[in-house]
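1. please find the sequence and the predicted model below.
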Amino acid sequence: MNMNKLIKIGSLVILVLVIITSSSFKPTEKKEPALPGITFFHGTLKEAKAKAKKENKLIFMDCYTTWCGPCKSMAKKTFVNKEVGDYFNKNFICLKMDMEAGEGPTVASTYSVEAYPTYLFLDSKGEIKHRDLGFIDASHFIEVGKKALTLK
């Protein structure tokens with residue numbers, strides 16, 4: 001065999017080995033650090049009711065719209081507060097729902113949600129136990145949650 005063929009075969013073998021070796025290593029998954037604040041349940045209202053029943057908790061539902069200024073302020077200031085998150089995550093199944101998308105319009109109609117943000121506290125049957133609305137700072141929002149629990 002001549003030298004050119006040996007170099008080509010050797011290069012091909014090295015290339016194949018590099019491909020095989022590199023494909024056997026998976027990149028390390030980067031996990032975002034857990035953010036403080038409320039951890040919202042990702043699912044339907046029906047699924048949240050089932051979870052609330054199983055865990056014997058009320059549902060806290062944030063009824064919002066994408067264009068609502070106070071809704072955005074709640075998301076940026078109140079819902080991310082560590083104390084609010086600790087309290088709400090411990091005591092409620094927390095659900096965020098856009099009232100103009102998915103099942104939101106039906107929920108808005110069912111519960112007469114006409115202003116944003118509206119906060120509904122529901123039992124596992126979907127009955128309203130407490131309702132509040134508007135921008136509420138973190139310290140006062142915990143009080144809203146406490147009031148809802150007293151009406152449970």
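-> It's in.

2. point to the residue nearest the middle of this structure.
-> The geometric centre of the chain, computed from its C-alpha atoms, lies nearest to residue 40 (Cα atoms, centre = their mean), at 3.7 Å.

3. ok, that residue - contacts?
-> The contact partners of residue 40, taken as Cβ atoms under 8 Å, 6 or more residues apart in numbering, are 62, 94-96. Every C-beta, even on glycine, is put in place using the N, C-alpha and C of the backbone.

4. ok, and the most crowded of those?
-> residue 95 (24 neighbours; other Cβ atoms under 10 Å).

5. and the contacts of the helix or strand harbouring that one?
-> Secondary structure assignment for residue 95, by DSSP states H and E: strand 92-98. By Cβ under 8 Å, 6+ apart, the surrounding residues in contact with strand 92-98 are 38-41, 43, 45, 48, 51-52, 55, 57-66, 88, 103-104, 107, 121, 145, 148.

6. got it, and stretch 44-55?
-> With contact meaning Cβ under 8 Å, 6+ apart, stretch 44-55 is reached by 41, 43, 57-59, 61, 93, 95, 97, 103, 107, 122-126.

7. can you do 7 Å?
-> Residues external to stretch 44-55 that are found in contact with it (Cβ atoms under 7 Å, 6 or more residues apart in numbering): 41, 58-59, 93, 95, 103, 107, 124, 126.

8. same check on stretch 99-112?
-> Residues from elsewhere that reach stretch 99-112 (Cβ under 7 Å, 6+ apart): 44-45, 63-65, 97-98, 113, 116, 120, 128.

9. rerun that using 10 Å as the cut-off
-> For stretch 99-112, contacts defined as Cβ atoms under 10 Å, 6 or more residues apart in numbering pick out 44-46, 61-68, 71, 95, 97-98, 113-114, 116-118, 120, 122, 126, 128, 131.

10. over to stretch 71-81?
-> By Cβ under 10 Å, 6+ apart, the list of residues contacting stretch 71-81 from outside reads 35-40, 62-66, 68, 84-85, 87-88, 94, 96, 98-99, 116-119, 134-142.
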